[in-house]
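K.L.:
how does the following fold in three dimensions:
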Amino acid sequence: MGENTKNKRIAVITGASSGIGYTFAKTLDRILHTTDEIWLIARSEDRLRELSEQLRIKSRIVPMDLTNAADFDSFERLLKKELPSIRILVNAAGLGFMGAFMDVEQQCQEEMILCNCIGLTRMTRMCLPYMAWNARIIQLASSAAFLPQPDFAVYAASKAYVLSLSTALGEELRGRGIYVTSVCPGPVSTPFFDKAEVFGKTLAIKKYVMVTPERVVMKALRDSKRRKRMSVCGIPMKAFYALTRFVPNRFILFCMRIMKVAR
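P.N.:
Below you'll find the predicted structure:
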């Protein structure tokens, strides 16, 4: 870990200790052939160490809380010291809490905004000066970004921010040969719901369209390679996206309200 990594080609993955970020790390380790090192970022150093021991490519463990500004200062110093060539950035870290707006604790709401919006923005901005031509950025948004969602209001709003920011950034960076893909999955079979449902429950129908993280990640990587601005996994979520584009939000929200009452 103490070796000089100057000018090494690296991949940076946030949220790497579990869920989709973990799956990105495992998958990229298998398919990347021109990357010297993977930087694994998450709060749990122990989980990152366990993951690092499973990877073929050399990895650097970067314990970091994306809601903590001091951790970003340390990360910025690391970048300035190592001067890596970042080939791919995966912003997979995210927080979500379900429940009525007044039922979800204020601290939890603010943590969602700090992690999903501010943390993602800071990480992207810090990495950009070190990104090479034909580098890629993969931002984890959500199908929740397509529509305001009662009982998931702050999370959906934060992911709408990610989708909007990433779409605009992709246009800005085309001239630099850097391509941005927003990943907008529906429910994914990860530990996300274990924490998300502390204050409220999701609609039962969402659990019938749940997909594996491996499927989401492979689709995201294919779409990123094709320079697509958005990656939506599965026919149900593609249909939902089309619905939100052509049907007024108020009608969809009315239908969601009926389903909530009926469950």
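K.L.:
please make it C-alpha for all contacts and neighbour counts, starting now.
P.N.:
Noted.
K.L.:
any regions of this structure where pLDDT drops low?
P.N.:
Where the chain drops to pLDDT under 70, the residues are 1-6, 190-208, 257, 259-263.
K.L.:
can you give me the helices in it?
P.N.:
19-31, 45-52, 69-82, 106-112, 120-127, 153-173, 192-196, 204-208, 213-225, 235-246, 249-262 (DSSP state H).
K.L.:
dump the third one to CSV, keeping only the CA atoms.
P.N.:
As requested, the backbone C-alpha atoms of helix 69-82 are provided in CSV (Å, rounded to 0.1, in the frame of the first residue of the first chain):
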residue,chain,number,x,y,z
ALA,A,69,-16.3,17.1,5.0
ALA,A,70,-13.0,16.3,6.8
ASP,A,71,-12.9,13.0,5.1
PHE,A,72,-13.0,14.8,1.7
ASP,A,73,-10.1,17.0,2.7
SER,A,74,-8.1,13.8,3.4
PHE,A,75,-9.2,12.3,0.0
GLU,A,76,-8.2,15.5,-1.8
ARG,A,77,-4.7,15.4,-0.2
LEU,A,78,-4.4,11.7,-1.3
LEU,A,79,-5.3,12.6,-4.9
LYS,A,80,-2.7,15.5,-5.0
LYS,A,81,-0.1,13.2,-3.6
GLU,A,82,-0.7,10.2,-5.9
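K.L.:
could you check the angle that helix makes with helix 120-127?
P.N.:
If you take axes from the mean of the first three to the mean of the last three Cα atoms, to 10 degrees, helix 69-82 sits at 20 degrees to helix 120-127.
K.L.:
tell me the buried residues in helix 69-82?
P.N.:
Buried residues in helix 69-82, counted by 16 or more other Cα atoms under 10 Å: 72, 75, 79.
K.L.:
I'd like the helices of the chain as TSV, with distance to residue 93 appended.
P.N.:
Putting the helices of the chain into TSV (distance: least, Cα to Cα, whole Å) gives the following:
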stretch	distance to residue 93
helix 19-31	7
helix 45-52	13
helix 69-82	14
helix 106-112	10
helix 120-127	8
helix 153-173	12
helix 192-196	11
helix 204-208	21
helix 213-225	14
helix 235-246	21
helix 249-262	28
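K.L.:
so which of these is nearest residue 138?
P.N.:
Nearest to residue 138 among the helices of the chain is helix 213-225 (7.2 Å), distances taken as Cα to Cα.
K.L.:
can you give me the angle that closest one makes with helix 19-31?
P.N.:
Using the same axes, to 10 degrees: helix 213-225 against helix 19-31 is 60 degrees.
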